[in-house]
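*Asks:* structure of the sequence below:
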Amino acid sequence: SKAALNVMSGSDMLQDPATGRIIMTGYQYIGSNSASYSSVLFLDSLGNKLAHKTYNNACGGAAGSIIQSKDSNFLTDARMNVDCNQGIYQARLIKIDIDGKLLWDKLMNPPGPLNSIHPRIEKPNGDIIAMGVVDSSYYTRFKYMIFDAQGNVKMQASYGRLNDVFVPDLGRGGSFTSDGGYITAMQVRPQPNPTPFYIIKLDSLGCDTVPWYCEWEKTVAL
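*Replies:* Below you'll find the predicted structure:
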């Protein structure tokens, strides 16, 4: 509980099965409703606060999705502010331990107005699948990204159309499917209300069409 202008909001949470601790992500305004810091709360099993951490700068934005890796550490995101006046951000993938210690971080290029990244699942081989928006323009597209266990990009692909509606939380909105794929929805811009939307279904390789076309698209960077 915080009084305005220092309000806090939660985005995601999980519980560590070994200790019972609860880790909650979100953001906090500090002295201004434009000074938004990522907020990660570390709680005991009854919800009592043990620690409160931030991993970005003023105007940077929320920490969104959080997942636990096989080594019992945690992966989340924290948008870094590049230019608060222009609303330019750089998506940041971070790994932390159960006490909030920063183990490593990776900044995503290029910076842009809607940049965000949301870790969603760790694969059996240690790779991390993440969703989000990483682009230098408002006219950007949904990203499907695969990182290795140290946060290095192994694959990324763009989906959707240039006039789609994007928000920083877009990467948290989809679901994994029983065949190892992924499904999500997007709004179409600009359209009158009620805004129409469409569904994108990806296969287990992160491809939304036949595999040979997906490989060709990655090769020529369309």
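*Asks:* ok, residue 187 - how many residues close by?
*Replies:* Other residues lying near residue 187 total 18 when counted by other C-beta atoms under 10 Å. C-beta here means a position set from N, CA and C on the backbone, and glycine is covered the same way.
*Asks:* how near is it to residue 197?
*Replies:* Plainly put, residue 187 is 5 Å away from residue 197 if you go by C-beta to C-beta, to the nearest Å.
*Asks:* and what of residue 38?
*Replies:* On the measure of C-beta to C-beta, residue 38 and residue 197 end up 28 Å apart.
*Asks:* check contacts around the closest residue to residue 206 other than its chain neighbours.
*Replies:* Excluding the flanking residues, the one nearest residue 206 by C-beta to C-beta, 6 or more residues apart in numbering is residue 144, at 4.4 Å. Neighbour list for residue 144: 129, 131, 156, 157, 159, 182, 202, 206 [criterion: C-beta atoms under 8 Å, 6 or more residues apart in numbering].
*Asks:* quick one: which of those residues is nearest residue 78?
*Replies:* Using C-beta to C-beta, residue 131 is the member of these that sits closest to residue 78, with 15.9 Å.
*Asks:* so what does residue 64 look like in phi/psi?
*Replies:* When read as degrees, to the nearest 10, the backbone of residue 64 gives phi -100, psi -110.
*Asks:* who's in contact with it?
*Replies:* Contacts of residue 64 (C-beta under 8 Å, 6+ apart): 11, 12, 25, 76, 77, 116, 118, 168, 169, 171, 172.
*Asks:* again, only this time at 7 Å
*Replies:* 11, 12, 25, 77, 116, 118, 169, 172 (C-beta atoms under 7 Å, 6 or more residues apart in numbering).
*Asks:* just residue 75 next, same as before
*Replies:* 66, 67, 69, 93, 95, 119, 128.
*Asks:* among those, who's most crowded?
*Replies:* So for the contacts of residue 75 (other C-beta under 10 Å), the most neighbours sit at residue 119, 26 neighbours.
*Asks:* which phi and psi does that residue have?
*Replies:* According to degrees, to the nearest 10, residue 119 has phi -60, psi 140.
*Asks:* can you tell me the helix or strand for the residue nearest to the spatial centre of the chain?
*Replies:* Centroid-nearest residue in the chain: residue 118, 1.8 Å away (criterion: C-alpha atoms, centre = their mean). Here residue 118, judged by DSSP states H and E, is contained in strand 116-122.
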